[in-house]
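Engineer: return a 3D structure for these sequence lines:
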Amino acid sequence: MKQLVFSTVLVLSLGLAACGEEKQDSEIVGAYSREITSEEKEYIQLVMNDDFDTLITKTEEKANEVQQDYNNLALAYEKFNGIDEDLPSVFTTATQLKYVYVVERLEEIKYIPDEIKEKVNELKIVAKDKEEEWSEKIEENKAISKAEYEKSVAESNLKSKINERTMYPKAVYIGMTKEEVLAEGWGRPIDINKTTTTYGVSEQWIYYDYKYLYFEDGILTTIQE
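Structural biologist: I've put the predicted structure just below:
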């Protein structure tokens, strides 16, 4: 019995110790920092001076963590500053991907010193907002393209129907609209006489074999065969 109690206490102690170690590790990661070397101080100054071309050159080898961080930071700024938002809509996706690139480069950075933290965080916020904005524009463009395509298909189908009715007319009746006559009745006329008065618009549609249709304000009122 004594051995069982001891074993239970031992297991609980080990569990608490493990939890404590996990918490400590978490705190260490959350409070990650590094000693600022003279090399990093030079990079910090280049960031503060917005001299990203020089920073890219100095860190392009990415020989250590510091160089990797500042190379990512410099590339992010270079890409962000070079984005042209006034390009035609066909470049919407390309623009959105540039903002994605900026965000990805910034998220690769392991440590940001206090001297430039506000500056970098501001870029990250703006880049994320822009990425979302241009993602929405992509969806808007897709919707517009879909609507234009559907309109084009509908117009093409209507044209085909009108051509078919022109070649093979069907019966018309009083009260039909001009659109219905074109697509479902006699099809396209060979000529149209139009008269506009203060009372409305009158139209005479002329067909082969001395056939005529008369419309008042777009509605078929008389059929002459």
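
Engineer: quick one: contacts for the residue nearest to Tyr111 when sequence neighbours are not counted?
Structural biologist: Among residues not flanking Tyr111 along the chain, Arg34 sits closest, at 5.6 Å (CB to CB, 6 or more residues apart in numbering). From N, CA and C alone the C-beta is placed, and that goes for glycine too. By CB atoms under 8 Å, 6 or more residues apart in numbering, Arg34 lies in contact with Glu65, Val66, Tyr111.

Engineer: filter the residues you listed down to the buried ones, ChimeraX style.
Structural biologist: Selection of buried members from the contacts of Arg34 for ChimeraX, criterion 16 or more other CB atoms under 10 Å:
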select :66
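
Engineer: circling back to that earlier point, any idea how far the residue nearest to Tyr111 is from Leu106?
Structural biologist: 18 Å (CB to CB, to the nearest Å).

Engineer: in what helix or strand does the spatially closest residue to Glu61 that is not a sequence neighbour lie?
Structural biologist: Nearest in space to Glu61, with sequence neighbours left out and distances taken as CB to CB, 6+ apart, is Gln67 at 6.5 Å. For Gln67, the element it lies in under DSSP states H and E is helix 65-81.

Engineer: average pLDDT across the helix ranked longest in the chain?
Structural biologist: In the chain, taking DSSP state H as the definition, the longest helix is helix 114-167. Regarding helix 114-167, the rounded mean pLDDT is 96.

Engineer: run the angle between that helix and helix 65-81 for me.
Structural biologist: Relative orientation of helix 114-167 and helix 65-81, computed by axes from the mean of the first three to the mean of the last three CA atoms, to 10 degrees: 40 degrees.

Engineer: when you give positions from now on, start the count at 8
Structural biologist: Got it, the first residue is 8 from now on, which makes the last one we talked about helix 121-174.

Engineer: which elements pack onto helix 121-174?
Structural biologist: For helix 121-174, the packing partners by 3 or more CB pairs under 8 Å, 6 or more residues apart in numbering; DSSP states H and E come out as helix 45-55, helix 72-88, helix 99-114, helix 185-191.
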